[in-house]
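> here is my input; please provide its structure:
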Amino acid sequence: MVRENSGGKEDSIKRNEELYSAAQAGSKDAIFDLVGTISLLIFALFFIFIGTRALVIGGSTILGVGFIVSAVIVAAAACNLIPPFRG
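From the prediction side, this is the model:
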């Protein structure tokens, strides 16, 4: 039984293009995930700042604790400890 060579170079080029597009899509997803995680952690730091400031300066205790709790929830979502907010 003899195999026919059906364009070895064309198959190789097509396979390389598929691998390149898969690698490019994976890299793009990784960069978007990184930016999203950093953004959520920045929001968490901002919420901690507001909550701590409300507790120290003498603002509303409930409001300060609420901001700190929300900061912990956002940071946990950024680290995938709880299910993420996105759909």
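> residue nearest the centroid of the protein?
residue 33 (2.7 Å; C-alpha atoms, centre = their mean).
> contacts only, for residue 71.
43-48, 51 (C-beta atoms under 8 Å, 6 or more residues apart in numbering). In this view, the C-beta of every residue, glycine as well, is placed from N, C-alpha and C.
> in this structure, where's the longest helix?
In the chain, taking DSSP state H as the definition, the longest helix is helix 8-57.
> next, the angle helix 8-57 makes with the very next helix or strand once past that one.
For helix 8-57, the succeeding helix or strand toward the C-terminus, using DSSP states H and E, is helix 61-78. Relative orientation of helix 61-78 and helix 8-57, computed by axes from the mean of the first three to the mean of the last three C-alpha atoms, to 10 degrees: 160 degrees.
> buried stuff in helix 61-78?
With burial defined by 16 or more other C-beta atoms under 10 Å, the residues of helix 61-78 counted as buried are 64, 67-68, 70-71, 74-75, 77-78.
> of those residues, which is the nearest to residue 16?
Using C-beta to C-beta, residue 78 comes nearest to residue 16 of these, at 36.0 Å.
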